[in-house]
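K.L.:
With the input below, show me the fold.
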Amino acid sequence: MSRITLAMGGEPVLIDRAVDRAVAQARAEVGPAVRVSVNASDADAGTAIREAMAPTLFGDATILIVKGIEDSNESVDAALRAYVQEPVDTCYLIATHPGGVKGKALVEVLRGAGAQVVDCPVLKRGRATADFLQAQLREQRRSMTPEALEIVMNAIGQDVRLLVAAIEQCIRDIEHDPITADDVRVAFAGVAEVSGFAIADAVWERRGADALRSLRWSMAGGEQVGVPTVMALASGLRSIVRVAAVGPGASEVDAAKEAGVPPWKVKVLRRQWSAWSGDQRRLAQAVVALAEADGAVKGGVGEGTSLDNQQKLLALERLVLRTAARRSG
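P.N.:
Here you go, the predicted model:
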């Protein structure tokens with residue numbers, strides 16, 4: 001491997017992984033080595049870099065990690081250029097840079113010295129993040145269904161570092177493959193958003209008893225289910241309507257692209273739409289009820305309309321029951 005590694009990009013998780021892999025590769029070549037980390041913006045960073053690069057009494061190898069070279073001062077810049085001009089056999093250099101023009105001259109110096117460049121671009125929301133997480137699973141010879149992965153992403157959000165930690169937790173806690181949606185719901189039973197989407201699926205499939213059971217189970221667990229449940233119901237309804245608007249003749253891939261949902265989800269959404277397509281008046285009523293519930297669980301929509309926690313939970317039960325019911329009541 002090159003004695004210089006340059007990890008470039010704005011995705012912290014990818015930067016961390018690039019650094020860890022470069023460290024592992026260096027140690028595979030030289031055996032045990034001292035790992036030294038320096039922030040390029042520190043006032044004494046230049047001195048710390050020179051000290052790390054200096055030969056040791058016993059000739060031990062050093063792996064020097066310089067973070068954020070876009071913020072290098074003159075001392076850091078000079079120290080790194082000196083290393084390029086006179087490489088130290090016992091020192092491996094790993095530098096990180098977020099991309100952009102700041103510090104570009106130093107980047108070009110490292111490139112010119114034969115640095116191994118690792119691209120670490122910011123992961124786009126949705127498909128790109130899901131593909132990255134599936135790749136992490138494959139690296140560990142594990143697998144997860146698309147439905148299970150969507151639940152994790154809905155629960156955790158788009159923070160890739162937290163998503164990676166959640167996937168690693170699933171790998172540790174769940175021994176069989178593939179990891180399923182039910183496995184994830186159990187593993188993240190304390191995450192309100194997971195329960196919210198489970199409740200929403202039951203509501204839009206008009207499984208009233210299941211919806212109420214999930215809601216009460218979540219309440220018994222002490223979760224703050226009000227806002228997450230209404231948000232999950234609204235998100236599910238928007239997806240149903242988008243897929244329905246594409247039309248039944250479109251392929252699942254085309255419908256997914258047009259509606260902005262994963263391809264596997266199209267079949268589920270079409271099934272949910274079929275439960276409502278003949279009862280669109282009730283569906284319209286559900287939209288109004290959702291809007292009212294949103295205001296209620298957030299504290300009320302007018303002066304004197306704020307509800308206490310028990311009243312909010314009762315309103316949520318009524319919303320779920322009336323919306324999921326197959327007949328008006």
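
K.L.:
quick one: the strands in the stretch 51-200 of the chain?
P.N.:
61-67, 91-97, 116-119 (DSSP state E, counting those that start in this stretch).

K.L.:
will you turn the ones you listed into CSV that also has distance to Val266, mean neighbour count and mean pLDDT?
P.N.:
Using the backbone N, CA and C atoms, a C-beta is placed for each residue, glycine as well. Putting those into CSV (distance: least, C-beta to C-beta, whole Å; neighbours: other C-beta atoms under 10 Å; pLDDT from 0 to 100) gives the following:
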stretch, distance to Val266, mean neighbour count, mean pLDDT
strand 61-67, 43, 22, 94
strand 91-97, 40, 26, 95
strand 116-119, 32, 16, 95
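
K.L.:
Distance to Arg50 added to these, as TSV?
P.N.:
Formatted as TSV, the strands of the stretch 51-200 of the chain follow (distance: least, C-beta to C-beta, whole Å):
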stretch	distance to Arg50
strand 61-67	10
strand 91-97	11
strand 116-119	23
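
K.L.:
Can you give me the domain assignment for the chain?
P.N.:
According to automatic domain parsing, the chain comprises the domains 4-119, 127-187, 192-324.

K.L.:
any low-confidence regions in this structure?
P.N.:
Where the chain drops to pLDDT under 70, the residues are 1, 56-59, 155-158, 188-195, 218-225, 299-309, 326-329.

K.L.:
report the longest helix in the chain, please.
P.N.:
helix 226-246 (DSSP state H).

K.L.:
so who does the residue nearest to Ala7 when sequence neighbours are not counted touch?
P.N.:
Nearest residue to Ala7, sequence neighbours excluded (C-beta to C-beta, 6 or more residues apart in numbering): Ala18, at 3.8 Å. Neighbour list for Ala18: Thr5, Ala7, Thr96, Val118, Cys120 [criterion: C-beta atoms under 8 Å, 6 or more residues apart in numbering].

K.L.:
which residues does the second one contact?
P.N.:
For Ala7, the contact set (C-beta under 8 Å, 6+ apart) comprises Leu14, Ile15, Ala18, Val19, Ala22, Ile94, Ala95, Thr96, His97, Val118, Cys120.

K.L.:
Which of the residues you listed sits closest to Arg138?
P.N.:
Relative to Arg138, the closest of the contacts of Ala7 is Leu14; by C-beta to C-beta it sits at 16.2 Å.

K.L.:
Quick check: buried residues in whatever helix or strand that closest one lives in?
P.N.:
Counting by DSSP states H and E, the element that carries Leu14 is helix 12-30. Residues Val13, Leu14, Ile15, Arg17, Ala18, Val19, Ala22, Val23, Gln25, Ala26 are the ones in helix 12-30 that count as buried (16 or more other C-beta atoms under 10 Å).

K.L.:
Nearest to Pro262, out of these: which one, please.
P.N.:
For the buried residues of helix 12-30, the nearest to Pro262 is Val13 (21.4 Å; C-beta to C-beta).

K.L.:
Name all residues that make contact with the spatially closest residue to that closest one that is not a sequence neighbour.
P.N.:
Closest residue to Val13 apart from its sequence neighbours, by C-beta to C-beta, 6+ apart: Val160 at 4.6 Å. Shown in contact with Val160 (C-beta under 8 Å, 6+ apart): Glu11, Pro12, Val13, Leu123, Thr129, Phe132.

K.L.:
repeat for Leu123
P.N.:
Glu11, Leu14, Thr129, Phe132, Val160.

K.L.:
What is the burial count for the first one?
P.N.:
The number of residues packed near Glu11 is 19, by other C-beta atoms under 10 Å.

K.L.:
close enough to count as contact, it and Val122?
P.N.:
Yes. The pair Glu11 and Val122 passes the contact test of C-beta atoms under 8 Å, sitting 4.9 Å apart.

K.L.:
Break down the stretch 1-150 of the chain into its helices, ranges please.
P.N.:
Listed in chain order, the helices of the stretch 1-150 of the chain (DSSP state H, counting those that start in this stretch) span 12-30, 45-53, 74-85, 104-112, 127-139, 146-156.

K.L.:
Fine by me, thanks again.
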